[in-house]
Structures are given as structure tokens and as C-alpha cells.
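Peer 1: Predicted model and sequence follow; I will ask about them next.
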Amino acid sequence: MKKVLKIHENDNIILALQNIKAGEEITIEGMSLLIKEEIYRGHKIALRDILEQEDIIKYGYPIGHAISSIRAGELVHTHNTKTNLSGTEEYTYHPDQQKNPFVNEDRTFRGYRRDNGTVGIRNELWIVPTVGCVNGIAEKIIKRFEKQVGEENPFDNVLVLKHSYGCSQLGDDHENTKQILLNAVTHPNAGGVLVLGLGCENNELPEFKRALGDIDEQRVRFLVSQAVTDEIEEGFKLVMEIYEAAKHDHRIDVPLSELKIGLKCGGSDGFSGITANPLLGRFSDYLIAQGGTTVLTEVPEMFGAEKILMERAENEEVFHKVVHLINDFKGYFLAHNQPVYENPSPGNKAGGITTLEDKSLGCTQKAGTSTVVDVLKYGEVLKVNGLNLLSAPGNDLIASTALAAAGCHMVLFTTGRGTPFGTFVPTMKIATNSQIYETKPHWIDFNAGILLEEDVSAEQVLHDFVTYVTEVASGKWVNNEKNDFREISIFKSGVTL
């Protein structure tokens, strides 16, 4: 494997693909470069002398500026580099839409067609509490059900969407909780849902039921715990009724155009922007060519790369939605007296990411080159096939929950440091480097680190990845499902009563 990589022809830094010792000479672009200090893999090296205040260029774009002179061969990182980001900006629409490099292959997967026409990739039984107070009750109902049906259980999984909210909330927090839970109830991965309330919470079950609108009342049932003597027994009876309605569900061939995929990263490192994230970008373009849908979120990790997304807006209306997405989220930071650039995390920095622009330019590569067709507010559901942007923070659990609640069948999650969690839809982990894949095989599902190996083509890796995603959509479990790591987290920004 090569020792260094120059990502873009205009870059004034190179990336270390391996640990490099001080005093070692490497050859790049036909010239010899003396490494002045020890450089860890994933970190940046000055390709030439960089003057104080001069921009650091990576991926062909500025990722910040030098706060002191940097000599060729020296480490470029947080000690000598600072972000260029500040507050909100004004933007002008300069469309730059590209032709999708892929064609429709009429590919299918095996999914569940629901009576309302939607498609699920899992057939699961969920209990959705309207308030955190009844989480324990829900778990007891599930245990009773699983003991009763035993091996006759037709569901791919049975779980409680536990959370701590639904009461003592005001304004946007209350509406966010309500909307995320409403979206979960109607998610096509659920073959049946018991909505379980307490009876005195802000998130009142009768109002919640009205907000759901038309539903399949054989598949979605409701229980107010305070309204019955034995809530475990009553809940068990309702779940058994859902079981009778769903026990004959089966998979059928479904066009890949029905697939909706969330794009997420966490625990990113210096390889994220050259392996796993570009792989997801190519996959995103491929799926969109099949008529499918992908969703990019983590708005703070678009800061510094937002103009690339704005240029790809389908029209001026979508462009202005992207502008509001970015500036509204910056406004959220500023309203709390926080800088918009307070990112990356300590783990990101240890992995070689220096500034938020560095992180964002790697992060947004998950969206490929496709046209942005719509922008969703937090809690909104998908309406248009193609590449969508979704308002949510970078926090892994909150953003992944938001993607699932928007209607995504699964979340593709790239990581260089590793993470075990999963949200309430399959959450596939894609390694940015082979080391984390080999160290955490019980966390990581796919290794994009092989893209650093010289004898592996990007085309073959994409082919293998598309095949694997199709298998997962058709029922193959990923590690978070095998480990039973499934949770939800809802965005909160206001007062708790």
C-alpha cells in the first residue's frame, strides 16, 4: 500500500496512509519530501511550505488557514490550523448539476408490501410508548407475548421504542416527540404496533390517535394504562390480536426504487473522506439511478461544504430551502451563544480530522453527485424520490432516529473509530479502515478500508456493497440487530417542566 495520498490536484497537503517516522523520505509527484516529525496514519502533511494565514487545501477546497508558517513535511493539524467558519452567510444560486453516472438495472429486493402501498424491509412488532413512564410496562407485555408464541413468532423482531419524553415538555420539544413517535407508528418496517399511553401525560393518546389519521386498526392498537385494571393483561390481548393480523405476512419481489436509505457517519477519521463516505456517495448515485431515495442529514457537518450542496439544488425553491437549513441551524448555535465550528470531536481529531470544514467536506461525500430534490424539516417524512436533505444535528442517535422517522428503511453509518449502537431500523456500520473492521467484527458490517489496497477497484467494492445492501433489505441482519442494540433519541432544545 502507498504511504501517502494526494486527494485533489490543487491540494497543498497530502494524507498519510501509514504511520511515517521523522526523517523518512517519501516520493510524491516525482519529488522527494523529507518528513520533519512523526506522522500518524490519517493525518495531514504539508506538501510544500505554507505561509501564515494561507488556506489549507484538502479535497480541492479550503479546510481552514494556517495560524503559523508550516514547512513542507510537517504535520498539519489543530496546533497550526484554524477554521475559516464564523456565523451565517448570504448565498447566491449557481446551479451545477451533474449527470448520474449509473443506469437503471431493474433490480429488486424481497420486501413486505403493506395494504397502503408502502414497503417494509422488516416485519416487526413494536410497542410505541407515548410517554417514558410506561417503558417498563411495555417490556413486560413483550416478554409475555414472546413466551406465549415461542417459535410460532412470525415477526423479524419484537421491541419497545423506549424513550424518556412525552410529558413535561413545551413547544417544539413536545411537537418533536409527538411527531417522531407518530412517524414510527406508521413506519412500513412495522407489521404491527401497540401504542401504549399512561393517561395523564402531555402527549395524550386520544389526540395522538387523531393525529395518526387513517390507519389499519387491525395492525395499530391503543391502550391507556390508567384506564384498565391489569394493563399487562390488556396489552397482551391487543398484541395477540396484532399477531393474528400479521402472522401470514411474507416477502415478495419489490423494485429497488422503493428503497429509502439514510446516510450517516460517526467516529470519523482521516480516511472517512477517501474510503467509506465516497463509497456511500457512489451507492447513493446508484440507488437514485434505480429510482430510489437517499437522505443526508447532520446539518452542522455540512458547514463549510454547504455551497457544494446548494449548487446541486434542483431549482431555486430547493436552493432557498438548503440556505434556510444551513442558516437556521447556525442560528440555533448562535442563540445558545455557541460557535458554529465547535466540532470535530476529540476522537475525530485523534483520527486526523482538524477543522469542521475538514470533517464536512468528507461527510458530504456520502451524498455523491446527485441533484438535491427536497429539504425536510426535523420530523417531516419523505415525499420525493431522489437525494433529500434532512434537518437534524450531528449526534449519532438523534440523527439516525430522525432518518428512520423520515421513512428510511435502514441507515448506512460510516465510522473510522467504531460504534455499536443502532436505531429502530437496521443500522449498517461501514468501516473507513481495515484496522477497525478487524478489531470490531461484531460491530462493523462492511469494510470500505479495502479501497486503500492497490489491487482493489472502486467498481468491485461498489458491486459487493450494492449486493450486501440488497441482502440486508431482503432480510439479512446487520450487527446492531444481532446484538439487539436498538434505541431512539429525540431532539430536545427547550424547557423541561
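Peer 2: Sure, I can see it. Just so it is clear, the model here is predicted, and its values are computed rather than measured. Numbering: from 1, shown residues only.

Peer 1: Where is the longest helix in the chain?
Peer 2: In the chain, with assignment by DSSP state H, the single longest helix is helix 316-335.

Peer 1: Dump that helix to CSV, restricted to CA.
Peer 2: What follows is helix 316-335, C-alpha atoms only, in CSV (Å, rounded to 0.1, in the frame of the first residue of the first chain):
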residue,chain,number,x,y,z
GLU,A,316,-34.3,27.9,-6.8
GLU,A,317,-37.0,26.8,-4.4
VAL,A,318,-34.9,23.9,-3.3
PHE,A,319,-31.8,26.1,-3.2
HIS,A,320,-33.6,28.5,-0.7
LYS,A,321,-34.6,25.5,1.4
VAL,A,322,-31.0,24.5,1.6
VAL,A,323,-30.0,28.1,2.6
HIS,A,324,-32.6,28.0,5.4
LEU,A,325,-31.4,24.6,6.5
ILE,A,326,-27.9,25.8,7.0
ASN,A,327,-28.5,29.3,8.4
ASP,A,328,-31.4,28.2,10.7
PHE,A,329,-29.1,25.6,12.2
LYS,A,330,-26.3,28.1,12.6
GLY,A,331,-28.8,30.4,14.2
TYR,A,332,-29.6,27.7,16.7
PHE,A,333,-25.9,27.5,17.7
LEU,A,334,-25.7,31.3,18.0
ALA,A,335,-28.9,31.6,20.0
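
Peer 1: could you say what helices and strands it packs with?
Peer 2: Secondary-structure packing of helix 316-335 (3 or more CB pairs under 8 Å, 6 or more residues apart in numbering; DSSP states H and E): helix 306-311, strand 372-376, strand 387-390. Every C-beta, even on glycine, is put in place using the N, C-alpha and C of the backbone.

Peer 1: Keeping just the C-alphas, turn the helix or strand that comes right after that helix into CSV.
Peer 2: Note on helix 316-335: by DSSP states H and E, the next helix or strand toward the C-terminus is helix 346-350. Extracted in CSV, the C-alpha atoms of helix 346-350 (Å, rounded to 0.1, in the frame of the first residue of the first chain):
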residue,chain,number,x,y,z
PRO,A,346,-11.6,14.6,20.3
GLY,A,347,-11.9,11.2,18.6
ASN,A,348,-12.2,12.9,15.2
LYS,A,349,-9.0,14.9,15.9
ALA,A,350,-7.2,11.8,17.1
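
Peer 1: Please pull up the helix or strand immediately following helix 346-350.
Peer 2: Next along the chain after helix 346-350, taking DSSP H and E as the criterion, comes helix 356-363.

Peer 1: Leaving out sequence neighbours, find the closest residue to Leu263.
Peer 2: Nearest non-adjacent residue to Leu263, counting by CB to CB, 6 or more residues apart in numbering: Lys366, 4.2 Å away.

Peer 1: a helix runs through the one you found, doesn't it?
Peer 2: Yes. Counting by DSSP: H, G, I helix; E, B strand; the rest coil, Lys366 is found in a helix.

Peer 1: count of neighbours near His8?
Peer 2: Counted with other CB atoms under 10 Å, the neighbours of His8 add up to 11.

Peer 1: gap between Thr419 and Glu234?
Peer 2: 38 Å (CB to CB, to the nearest Å).

Peer 1: what's the single longest strand in this protein?
Peer 2: Ranked by residue count under DSSP state E, the longest strand found in the chain is strand 190-197.

Peer 1: Could you pull up the contacting residues of Leu194?
Peer 2: 125-128, 138, 141, 220-223, 235, 238-239, 242 (CB atoms under 8 Å, 6 or more residues apart in numbering).

Peer 1: Quickly name whichever of those is closest to Ile488.
Peer 2: Val128 (9.4 Å; CB to CB).

Peer 1: which element follows whichever strand or helix holds that closest one toward the C-terminus?
Peer 2: Using DSSP H and E, Val128 falls within strand 124-129. Sequence-wise, the next helix or strand downstream of strand 124-129 (DSSP H and E) is helix 135-149.

Peer 1: Tell me which other helices or strands that following helix touches.
Peer 2: Applying 3+ CB pairs under 8 Å, 6+ apart, one finds that helix 135-149 contacts strand 124-129, strand 157-160, strand 190-197, helix 231-246.

Peer 1: Would you mind listing the buried residues in the helix or strand bottoming out on mean pLDDT in the chain?
Peer 2: Ranked by mean pLDDT, DSSP states H and E, the weakest helix or strand in the chain is helix 346-350, scoring a mean of 89. Neighbour-count burial for helix 346-350, counted by 16 or more other CB atoms under 10 Å, picks out 347-350.
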